[in-house]
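Novice: what's the 3D shape of this:
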Amino acid sequence: MLFYDTRQLPWWKLLCFYLLCLIAIVVMLLLEQIPLIQRAFVQLHYQWAYGLLIIGPWNWITVLAPVLYWGNLRPSDVGLKHQRILTGLFGIFIIFTIAQLIELCIVARMGPVIINRDWLAAPWYSIVLDYVHYYLAVGLFEEFFFRGFTLSQLYLLLVRIPSRGHHPSTSFANSSSILPTLRAYPPANPEDPENPENPETPENPENPENPEDDTHWLRLSCAVLLNAVIFALYHLPTDLSNYGTEDPLGFIGRLFFGVMASAVYIMTDNLFLAAGMHCVFDALGLSETHIFPGLDALDGWILFEVPGIGLVVACVWCVVARAVEDRRERKRARRLGGVEIKIVEEELGLEPV
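Specialist: Have a look, this model is predicted:
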């Protein structure tokens, strides 16, 4: 299933959803200035309570519900496919583990290996809830909007193709959405009623899914870059509210993250994996969420660590998915071949060997 197999919305409706998300962000920033909320959550450093009780419900209610209802979309149309949840959560563990191993190597090079004091002092449930908060209230929401929803709509807007309707979801073996794009389509056979003229064959160079259509990659690249710029710009209100200015390196880091998150989602067709990368990226900004105190040595390069890890995981993900799929196809071919031989033997009245 390709990441842009969804219902195409008109450009003005997509613009309205962008505006709706911006309004939701600004209203949330204003709510944070309420003294009661500051005393109850922010000043007490209960980041997870603030995120799970206020930010999360606000984001999902004010943005997800209108997108699904007004856009006439299903959750699977915006990347929220329940078949991907378990594999996506497993991806979070992989990304977190690799990030901790990198920190361990940094600490080991600097001197004796020590454990982060904040990690030891924090209650275990606080660390767990920090990651749950950054996953549900921040990572999954932002990836739903900027990757699952708007990335596909930007691509369809550039391609200008009509709605393709809904398509059935695929299993983990078919979880890569780039791999189907690279496969050659079978030639059309007009005499075969089960394989009529296929508009997606290489004879139609205008089809965006055609592997011989070079403009497909150009449109895809433009959609990814435009989506990354919008993603970075949408964080400006938060940075201005919290810090009073915008760090140029931070803006570049978000651009890089937007491109990497789009690449992870496109390659794996797993929004939950992209959300896990987003979760680890944000959660490691807290002092209590990492085991080894090696992030300070990375300085500004910390903005590029987790996205780079996510891209490597996605590449390995695609290789494993393709290997699993090829193995299943070979088993299916052997099974079908055995059935055909048995049918021929029965028709000829031969004894099985």
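
Novice: Give me the helices and strands touching the longest helix seen in the chain, please.
Specialist: In terms of residue count, the longest helix belonging to the chain (DSSP state H) is helix 302-348. If you count contacts as 3 or more Cβ pairs under 8 Å, 6 or more residues apart in numbering; DSSP states H and E, helix 302-348 packs onto helix 85-110, helix 179-182, helix 248-268, helix 271-283. No exception for glycine: its C-beta is placed from N, CA and C like everyone else's.

Novice: What ranges in the stretch 201-350 of the chain fall below the confidence cut-off?
Specialist: Applying pLDDT under 70 to the stretch 201-350 of the chain flags the ranges 201-214, 244-246, 294-303, 337-350.

Novice: For the helix or strand where residue 27 lies, what does the pLDDT average out to?
Specialist: Per DSSP states H and E: residue 27 is located in helix 11-31. Here helix 11-31 scores 91 as its mean pLDDT.

Novice: Same check on stretch 150-167?
Specialist: Rounded mean pLDDT across stretch 150-167 is 70.

Novice: the inter-axis angle of the longest helix of the chain versus helix 85-110?
Specialist: Computed by axes from the mean of the first three to the mean of the last three Cα atoms, to 10 degrees, the angle separating helix 302-348 from helix 85-110 equals 140 degrees.

Novice: Helix 302-348 vs helix 271-283, what angle?
Specialist: 160 degrees.

Novice: want to throw the helices and strands packed on helix 302-348 into JSON lines with distance to residue 77 and mean neighbour count?
Specialist: Shown next, in JSON lines, are the helices and strands packed on helix 302-348 (distance: least, Cβ to Cβ, whole Å; neighbours: other Cβ atoms under 10 Å):
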{"stretch": "helix 85-110", "distance to residue 77": "17", "mean neighbour count": "16"}
{"stretch": "helix 179-182", "distance to residue 77": "18", "mean neighbour count": "14"}
{"stretch": "helix 248-268", "distance to residue 77": "14", "mean neighbour count": "21"}
{"stretch": "helix 271-283", "distance to residue 77": "11", "mean neighbour count": "28"}
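
Novice: from the middle of its chain, how far away would the helix holding residue 27 be?
Specialist: Distance of helix 11-31 from its chain centroid, counting by Cα atoms, centre = their mean, to the nearest Å, is 21 Å.

Novice: same thing with stretch 92-106?
Specialist: For stretch 92-106 - counting by Cα atoms, centre = their mean - the centre lies 19 Å from the chain centre.

Novice: what's in contact with it?
Specialist: 113, 131, 135, 273, 276-277, 279-280, 284, 290-295, 297-298, 305-306, 309-310, 312-313 (Cβ atoms under 8 Å, 6 or more residues apart in numbering).

Novice: Restricted to buried residues, select these in PyMOL.
Specialist: Under the burial definition 16 or more other Cβ atoms under 10 Å, those of the contacts of stretch 92-106 that qualify are selected in PyMOL by:
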select buried, resi 131+135+273+276+277+279+280+284+290+291+292+293+294+295+305+306+309+310+313
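
Novice: And stretch 128-142, end to end?
Specialist: Taking Cα to Cα, to the nearest Å, stretch 128-142 runs 20 Å from one end to the other.

Novice: can you list contacts of it?
Specialist: 47-52, 55-56, 59-60, 63-64, 92, 231, 271-272, 275-283, 286, 288-289.

Novice: quick one, which of the helices and strands packed on helix 302-348 is nearest to residue 123?
Specialist: Using Cβ to Cβ as the measure, helix 271-283 is the one of these that comes nearest residue 123, at 15.6 Å.

Novice: so what does the closest one touch, helix or strand wise?
Specialist: Short answer (3+ Cβ pairs under 8 Å, 6+ apart): helix 271-283 packs on helix 85-110, helix 124-133, helix 140-143, helix 248-268, helix 302-348.

Novice: Distance from that helix to the middle of the chain?
Specialist: Worked out by Cα atoms, centre = their mean, helix 271-283 lies 8 Å from the chain centre.

Novice: got the angle for it vs helix 248-268?
Specialist: Using the same axes, to 10 degrees, helix 271-283 lies at 160 degrees relative to helix 248-268.

Novice: which outside residues touch helix 271-283?
Specialist: 78-81, 84-85, 87-89, 91-92, 95-96, 99, 130-131, 134-135, 138-140, 142-144, 147-148, 257, 260-261, 264-265, 268, 289, 306-307, 309-310, 313-314, 317.

Novice: Equivalent analysis for stretch 217-226, please.
Specialist: By Cβ under 8 Å, 6+ apart, stretch 217-226 touches 151, 154, 155, 158, 159, 208, 258, 259, 262, 263, 266.
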